[in-house]
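Visitor: Structure, please.
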Amino acid sequence: MSLTQVVTPVFFVTCACGIIMTLPKAIDLPPLYLNLANYRLVVVPYHTVPGAPYASQRQRLAERYRDVVLAQVRLKLVYSNMAKVI
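Guide: Below you'll find the model as predicted:
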């Protein structure tokens with residue numbers, strides 16, 4: 001094995017590591033907050049047939065979704081009322 005066969009890979013690995021160490025780091029963007037208030041008149045259609053498989057689960061899912069949307073609307077109203085007070 002010659003000296004060139006040992007030095008060449010070491011040289012290129014050292015160069016690659018040097019280049020990688022000098023590259024700028026990736027910056028994380030701020031998180032995106034999703035809110036239904038950005039969309040007006042949100043309608044989520046669903047259809048369930050009594051007696052169909054998973055009909056009760058679909059009904060519970062629809063009710064839970066409705067509760068979450070109403071909670072967001074109430075929360076938005078609370079925040080807007082607090083802004084008026086402050």
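Visitor: quick one, phi/psi of residue 39?
Guide: Its backbone dihedrals place residue 39 at phi -120, psi 130, with angles given as degrees, to the nearest 10.
Visitor: er, residue 70 I mean
Guide: Here the main-chain torsion angles of residue 70 (degrees, to the nearest 10) amount to phi -60, psi -40.
Visitor: On the three-state scheme, the residue nearest the centre of the chain is what?
Guide: Taking CA atoms, centre = their mean, the centroid of the chain lies closest to residue 32, which sits 6.9 Å from it. Reducing the assignment at residue 32 to three states with DSSP: H, G, I helix; E, B strand; the rest coil gives coil.
Visitor: now the helices for the protein?
Guide: 3-22, 55-85 (DSSP state H).
Visitor: hey, which of the ones you listed is tucked in deepest?
Guide: helix 55-85 (a mean of 11; mean count of other CB atoms under 10 Å). Backbone N, C-alpha and C define where each C-beta goes, glycine included.
Visitor: between the helices of the chain, which gets the lowest average pLDDT?
Guide: Confidence, taken as mean pLDDT, is least for helix 55-85 of the helices of the chain (a mean of 71).
Visitor: before we move on, the earlier item: give me the pLDDT for the residue nearest to the centre of the chain.
Guide: Note for residue 32: predicted pLDDT of 83.
Visitor: Also residue 23?
Guide: Looking at residue 23, the pLDDT reads 86.
Visitor: State the distance from it to residue 17.
Guide: With distances taken as CB to CB, to the nearest Å, residue 23 is found 11 Å from residue 17.
Visitor: Next: residue 66.
Guide: Using CB to CB, we find residue 66 at a distance of 56 Å from residue 17.
Visitor: do you know which of the helices of the chain lies nearest residue 49?
Guide: Go through the helices of the chain one by one with CB to CB and the one that ends up closest to residue 49 is helix 55-85, at 6.4 Å.
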